[in-house]
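1. structure here, sequence nowhere to be found:
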């Protein structure tokens, strides 16, 4: 099977490499050509635009930054839609709007091209190791068609519903994380300000109802006030923007997620957008006069 | 060793029963006499006031509702302080203010009586089964003196620092839970409103960074909009009030905890104070027009 990649950033580059290593014939395009050179050694064929990728592929993976970027690589000049043969399949693995996803799928269907949305969780480390969690929305037959390619990138591939459902599940994930990160951040900052032995507190609480992946894996960064990646604050803020838009469209009130998105916007404004998302603790620390 | 209990509510009654079953000689008093009758079969000796409990005990456990209740049973007429012999030990297992705890300990020390704060986590089920987590603040020698009694009530007994530190750790626990419960509540309500298969979403997300005790154990109640105990909304609201007061005393900003406390106050006003704390999802559901 011939697989195309549109987008070779930190995520897409690592994912394309894993697909090439799994034995698929891979062609690819990236907006910034320099980032793609190391893929040549794995036999990835670099072409001039997304239309050329699509013309050479049975399945085209798009993985770019945000909703307008997906629209541009699909429907812009020399976009995927201009080159994709009838019967081919587009798998968008970016994290974008669920309703825009449904619109894009309808437009592709008009020319006989199927689409899945398949956003991922697991960060740059998961992309490199091929251990991503992938939430897939679309027709079951298309999911089965894409499964061998997805299996080269992730270990947990869940078909969660019709087109757009993958993006909605990803939004739910980011909303749950907003509460988890902020709750642990407030707890750790209160523990510091109350003069407690923070590591002892984390150990004492980890056996009970406060137990979480965030408490176990990110409270140490909050204590040290040092936030290596991980998953960038700027990307979580972007994803919460998608979740808040989905909330508006569905009539849902998300007060914690909205507050988290605004605290993250402040962190980005202060130059902390490339920190790990556990840096929301930095916002709570600064509100509490615990700097540096 | 002779152990006294002041407070035989849902928690204290179950804990006193476990201490009696472990072979200690137990005397007890409760404000409402009727609730204590079943303890008689376990050999618990019921006396007329807290002073009489203290006079008959080496260690007196107090477990009542809030800071003023502890002050009343310790220092009110016929209180513990009026009967406690020099060299005895008071172990307050209520959840109350850390700074009031330090004040009470200083007043008891003036008459040669030691004090520990030892609030618990694990709810009524943990109290019945003797599987509570106990966070202990005070002198190490006093903790060792109390340990055999505490071991009859809980499975995890952690000495977390000086007097008041147990209460501060409990406050941190409740703050972390505020974020965890609200994050999951927002995620579940968004999933419902977006038309997703909620149980499938929970399964898909439980392997990643969103994993938590709350997601695994309480998202089903949020989906069903039915909140059996558990741990009462009214008690979590009271405990967040203590955490927010500790935050004021230490100059800490806890925006999520403050929002959670207010949502819970609204739930209590609507008659939902006896629901499990996962009922914060009811507040998010109602804000989003998902009633009943």
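-> That came through fine. The shown structure was predicted, so the numbers you read here are calculated from the model rather than taken from an experiment.
2. quick one: the helices in the stretch 51-200 of chain A?
-> Using DSSP state H, counting those that start in this stretch, the helices of the stretch 51-200 of chain A run over A:67-75, A:80-83, A:98-109, A:123-129, A:140-151, A:165-193, A:198-205.
3. surely residue A:154 meets residue A:133?
-> Yes - the pair residue A:154 and residue A:133 qualifies as a contact (C-beta atoms under 8 Å) at a distance of 6.2 Å. Placement of C-beta: from N, CA and C, glycine included.
4. just to revisit the earlier point, pick the most buried one from the helices of the stretch 51-200 of chain A.
-> When you average the neighbours per residue for each of these (mean count of other C-beta atoms under 10 Å in any protein chain shown), helix A:165-193 leads with a mean of 29.
5. can you give me how far that helix is from the chain middle?
-> Centroid separation for helix A:165-193 versus its chain: 16 Å, with C-alpha atoms, centre = their mean, to the nearest Å.
6. thought residue A:291 was touching residue A:285?
-> Yes - with contact defined as C-beta under 8 Å, residue A:291 reaches residue A:285; the gap is 6.7 Å.
7. neighbour count: the two, which is higher?
-> residue A:285 (22 against 8; other C-beta atoms under 10 Å in any protein chain shown).
8. show me what contacts the more buried one?
-> A:189, A:192, A:225, A:291 (C-beta atoms under 8 Å, 6 or more residues apart in numbering or on different chains).
9. list, out of the residues you listed, those positioned next to chain B.
-> residue A:189 (C-beta under 8 Å from any C-beta of the partner chain).
10. chain B: which of the contacts of residue A:285 is nearest?
-> The closest of the contacts of residue A:285 to chain B turns out to be residue A:189 (C-beta to the nearest C-beta; 5.9 Å).
11. tell me the spacing between residue A:5 and residue B:132.
-> 54 Å (C-beta to C-beta, to the nearest Å).
12. oh, that last question was meant for residue A:177, not what I typed.
-> From residue A:177 to residue B:132 the distance is 30 Å (C-beta to C-beta).
13. what residue of chain A is the furthest out?
-> Using C-alpha atoms, centre = their mean, the residue of chain A lying farthest from its centre is residue A:195. It sits 37.2 Å away.
14. OK, contacts around it?
-> Per C-beta under 8 Å, 6+ apart, neighbours of residue A:195: B:161, B:168.
15. ranges for the strands of chain A?
-> Under the criterion DSSP state E, chain A carries strands at the ranges A:2-6, A:25-29, A:45-46, A:59-62, A:89-92, A:114-117, A:120-121, A:132-137, A:154-161.
16. would JSON lines of these with mean neighbour count and mean pLDDT be doable?
-> What follows is these, written out as JSON lines (neighbours: other C-beta atoms under 10 Å in any protein chain shown; pLDDT from 0 to 100):
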{"stretch": "strand A:2-6", "mean neighbour count": "27", "mean pLDDT": "98"}
{"stretch": "strand A:25-29", "mean neighbour count": "23", "mean pLDDT": "97"}
{"stretch": "strand A:45-46", "mean neighbour count": "17", "mean pLDDT": "94"}
{"stretch": "strand A:59-62", "mean neighbour count": "28", "mean pLDDT": "98"}
{"stretch": "strand A:89-92", "mean neighbour count": "27", "mean pLDDT": "98"}
{"stretch": "strand A:114-117", "mean neighbour count": "27", "mean pLDDT": "98"}
{"stretch": "strand A:120-121", "mean neighbour count": "24", "mean pLDDT": "94"}
{"stretch": "strand A:132-137", "mean neighbour count": "28", "mean pLDDT": "96"}
{"stretch": "strand A:154-161", "mean neighbour count": "20", "mean pLDDT": "96"}
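17. quick one: name the residues of the stretch 1-150 of chain A near chain B.
-> A:98, A:121-122, A:133, A:135.
18. one step back: pLDDT check: weakest of the contacts of residue A:285?
-> Across the set of the contacts of residue A:285, residue A:291 stands lowest in pLDDT, at 74.
19. for chain A, give me the ranges with low pLDDT.
-> Within chain A, the segments meeting pLDDT under 70 span A:34-37, A:292.
20. quickly list the domain ranges of it.
-> A:2-162, A:168-287 (automatic domain parsing).
21. for those domains, which one sits closest to residue B:211?
-> domain A:168-287 (4.4 Å; C-beta to C-beta).
22. mind checking how far the closest one is from the chain centre?
-> Distance, centroid of domain A:168-287 to centroid of chain: 16 Å (C-alpha atoms, centre = their mean).
23. next, the distance between the ends of that domain.
-> Distance across domain A:168-287, first residue to last, is 32 Å (C-alpha to C-alpha, to the nearest Å).
24. what do you get for stretch A:199-216?
-> 10 Å.
25. ok, that stretch near chain B or not?
-> Yes - judged by C-beta under 8 Å from any C-beta, stretch A:199-216 comes into contact with chain B at A:200-201, A:203-205, A:207-215.
26. circling back to that earlier point, include distance to residue B:42 when you put the helices of the stretch 51-200 of chain A into CSV, please.
-> Converted to CSV, these look like this (distance: least, C-beta to C-beta, whole Å):
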stretch, distance to residue B:42
helix A:67-75, 65
helix A:80-83, 75
helix A:98-109, 59
helix A:123-129, 54
helix A:140-151, 60
helix A:165-193, 38
helix A:198-205, 30
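27. nearest to residue A:52, out of these?
-> Going by C-beta to C-beta, the one of the helices of the stretch 51-200 of chain A nearest residue A:52 is helix A:80-83, 6.1 Å.
28. what helices or strands is the closest one leaning on?
-> helix A:50-55, helix A:67-75 (3 or more C-beta pairs under 8 Å, 6 or more residues apart in numbering or on different chains; DSSP states H and E).
29. now do the shared contacts for residue A:154 and residue A:133.
-> A:120, A:122, A:126.
30. I'd like the distance between the closest residue to residue A:146 other than its chain neighbours and chain B.
-> Leaving aside its sequence neighbours, residue A:146 sits nearest to residue A:91 (C-beta to C-beta, 6 or more residues apart in numbering or on different chains; 5.3 Å). Distance of residue A:91 to chain B, given as C-beta to the nearest C-beta, to the nearest Å: 17 Å.
31. thanks again, I'm all set now.
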